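Peer 1: Got a predicted structure here, sequence first:
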Amino acid sequence: MSFLQKVLIGLVSGLALGLFLGEYAAPLNFVADGFVKLLQMTVLPYVVISITSSLGALNVEQAKRLGIRVGLVLLALWVLAIAVAFAFPLAFPRIEGANFFSTTLIERRAPFDFIDLYIPANPFHSLANNVVPAVVLFSIVLGIALIGVERKQALLDVLAVAEAVVSRATRFVVGLTPYGLFAIAAVAAGTLDLHELGRIQVYVLVYVLMALILALWILPGLVAALTPIRHWDLLSSSRDALITAFVTGNLFIVLPSLIESSKDLLARHGLTDPLAKDLPAVIVPASFSFPNGGKLMSLSFILFAGWYADAPVPLSDYPRLLLTGFLTLFGSLNAAVPFLLDVFKVPADTFQLFLATGIVNARFSTLAAAVHTVAVGVLGSAALAGAIRFDLVRLARFALISVLLTAVCLGGLRLAFSTVLRQEFAGAELVYGMRAVFPLGAASVLKDVPPPDGLAAERIGVLETVRRRGALRVCVMTDRLPYSFLTPKGELVGLDVEMAHTLARDLEVRLEFLPVAVEQLPGILSAGSCDLAMSGLPVTPRRASAMRFSQPYLDETLGFVVRDELRDEFSSWAKIRALGGLRVAIPDVPYYIAKVRERAPLLRIEVVDSTRLDVPKQFEAIAMPVERGSVMTLLHPEFTAVVPEPDPIKVPLAYPVARHDEQWAAFMNTWIELKKRDGTLDTLYRHWVLGRDAAPPTRRWSVVRDVLHWVN
């Protein structure tokens, strides 16, 4: 069988096994990871040897020509890839969306450090930690230094033997691709979250189609328009390497194979000379340090995330996105994408969508990157050999077909999304459909304020009173998303509701909730009608003077919930001050009012009912903690939460206790510390505030469970 046949058998059988076993295919991840690591094993040694030997064999004049002409080739390929990425929004239909709070809203990222990425103070550290750009630069320096060495041929002969050994080892490992692909396909088919994939299908479908156009038509078509190499010849010559790159999602591991493919193409079509026949061994590894076509397509995610979050990046910002994005993509995508989201004021928690789409998109991105790498090697070498031809008719035909093909595909997708695949935002269903993380015990809701426990209770303290009564009475406010609120079905849920159940369970007493208004709390707690209040209550100086609080259990961040079109205007306090007398609503919390007036004295602040869940429609913005404001945007997706820069204002949350009881407050402090240490608070925070697993988990479909019923 041919290599392609073996790969197809591995792919199909892996998919079949994954669908059969479902989540039980996860142990095969051990084999999949092992295969990828085997492929990585020989790459860095090959890069060092090939760049050093190939550059060292050149003279000074050849090295100069290499830098200039290959640079022009890279520039042309970058322009094509960026044009494809910036065309993505043409396929996006109109949609509204919002997200839970993300800690990235308040994080400030460190500046991108190009020096650490490219200048290897310790090249052995770069080799050990897979810092490819630094390794490439180190190899280039060695190769350039070798150019002027008189007796260099002896070293070049040794390097040639070493390169042949590493290439042979690489070919052996690549031969294992069908088996590695079997494990990769089985794990993906068995564990892929289909619900998450469906939620972001717009971007996935556009990305897949555009990556295929770039990889299978635009890049090979450019090579065919400038050289005698036919479109299909380029793809067929590097087929095995392209398949391996696609199934593993890793360009690095196929660099040796792509170099050999480039050399073979040039030799078969007579586009090189004896001195330049090994140039791909320099050009391909060196170009790896620069953003490739697949990586540049990731700029499209910033445009998608803005569209998805209903905060689109305006066309006027595209030049800034081009420059900033190009520079940041010299590093890791996982560092570059959050940085760009922050720069362009797109909700940073959409980065989770980038990770989710990466399950599929990374494969197609790597395919485009692999074709880009072959195109650089071929066109760069042909340019140095003087074999590039500029036929205006061929170039015009290539450009016209590329534009028409792209326009038809994007237009067709937009029509399909607008009619068949358009998603209705279901934020309210997501919020009100959230369920408790931990099992809840029985609890009753009191309709009236119970009478105080009397003088005897004051003598023995609140803690002993709770134990003798056999019940813990907790004051709650039923409109404090996401801490305590009522669902449309009348269920009381939220982070602090679960904390109350946990406290009652630890005290081994039953639980009683008393719905109250925040204004009633000081009087009710002072009388002892409730033992404490648990409803996400911020600690402010005025409240601290009226009630005794426990230690803080969480911090909130003061920000604004604003109309989508005003997001940028509220991104910093300087911009807010420039707005002048804009009307801004604020809850009746003097501490919030004082802080906002302190930083933006010209705003027209209007106090609103703090118990309202609804965002006041007559205002452009409302000042409030963004942790709860983000949940409100799920109910009102035309708004978004933003934290002005710099220096976020933190507001602690704590539990006020009854009768200013010192012993009871000390107990609550200890209990809160225990809940922090045992992970309870962190688990509830991730669920109710960050929205992790907000949707009920669904079991992955599989033949072994859902058809044969062999397992539960």
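Peer 2: Here it is on my side, so go on.
Peer 1: Could you tell me which residues make contact with Leu322?
Peer 2: Applying C-beta atoms under 8 Å, 6 or more residues apart in numbering to Leu322 gives the contacts Ile82, Phe86, Leu299. For the C-beta atoms, the positions are set from N, CA and C on the backbone; glycine is no exception.
Peer 1: His660 now?
Peer 2: Here His660 is in contact with Ser526, Met547, Arg548 (criterion: C-beta under 8 Å, 6+ apart).
Peer 1: what about 6 Å?
Peer 2: His660 makes contact with Arg548 under the criterion C-beta atoms under 6 Å, 6 or more residues apart in numbering.
Peer 1: Export stretch 262-269 to CSV, keeping only CA atoms.
Peer 2: Written as CSV, here are the backbone C-alpha positions of stretch 262-269 (Å, rounded to 0.1, in the frame of the first residue of the first chain):
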residue,chain,number,x,y,z
SER,A,262,11.4,21.7,-1.9
LYS,A,263,14.8,20.4,-3.0
ASP,A,264,13.1,17.7,-5.1
LEU,A,265,10.8,20.2,-6.8
LEU,A,266,13.6,22.5,-7.7
ALA,A,267,15.8,19.7,-9.0
ARG,A,268,13.1,18.1,-11.2
HIS,A,269,12.2,21.4,-12.8
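Peer 1: So which bits of that stretch are buried?
Peer 2: Judged by neighbour count (16 or more other C-beta atoms under 10 Å), stretch 262-269 contains these buried residues: Ser262, Lys263, Leu265, Leu266, His269.
Peer 1: Show only the entries of these found in helices.
Peer 2: Ser262, Lys263, Leu265, Leu266 (DSSP state H).
Peer 1: What's the end-to-end length of stretch 521-536?
Peer 2: One end of stretch 521-536 to the other measures 13 Å (C-alpha to C-alpha, to the nearest Å).
Peer 1: Run the chain-centre distance for it.
Peer 2: The chain centroid and the centroid of stretch 521-536 are separated by 42 Å, computed with C-alpha atoms, centre = their mean, to the nearest Å.
Peer 1: Quick one: mean pLDDT for that stretch?
Peer 2: Averaging pLDDT along stretch 521-536 yields 89.
Peer 1: Need the residues that contact it.
Peer 2: In contact with stretch 521-536 (C-beta under 6 Å, 6+ apart) are residues 449-450, 452-453, 462, 466, 472-477, 480, 483-484, 496, 499-500, 514, 546-547, 653, 655-659.
Peer 1: rerun at 7 Å
Peer 2: 449-450, 452-453, 457, 462, 466, 472-477, 480, 483-484, 496, 499-500, 514, 516, 546-547, 628, 653, 655-659, 668 (C-beta atoms under 7 Å, 6 or more residues apart in numbering).
Peer 1: Make a PyMOL selection of whichever of those turn out to be buried.
Peer 2: Burial among the contacts of stretch 521-536 is assessed by 16+ other C-beta under 10 Å; the matching PyMOL selection reads:
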select buried, resi 449+453+457+462+466+472+473+474+475+476+477+480+483+484+496+499+500+514+516+547+628+653+655+656+657+658+659+668
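Peer 1: Could you export the biggest strand by length in the chain as PDB, CA atoms only?
Peer 2: What stands out as the longest strand in the chain, according to DSSP state E, is strand 554-563. Presented in PDB, the C-alpha positions along strand 554-563 are these (Å, rounded to 0.1, in the frame of the first residue of the first chain):
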ATOM      1  CA  LEU A 554     -14.300  37.300  47.600                       C
ATOM      2  CA  ASP A 555     -13.300  40.500  45.900                       C
ATOM      3  CA  GLU A 556     -15.300  42.300  43.200                       C
ATOM      4  CA  THR A 557     -14.000  44.900  40.700                       C
ATOM      5  CA  LEU A 558     -15.900  48.100  40.100                       C
ATOM      6  CA  GLY A 559     -16.500  48.900  36.400                       C
ATOM      7  CA  PHE A 560     -19.200  49.700  34.000                       C
ATOM      8  CA  VAL A 561     -21.900  47.900  32.100                       C
ATOM      9  CA  VAL A 562     -22.200  49.900  28.900                       C
ATOM     10  CA  ARG A 563     -23.900  49.900  25.600                       C
END
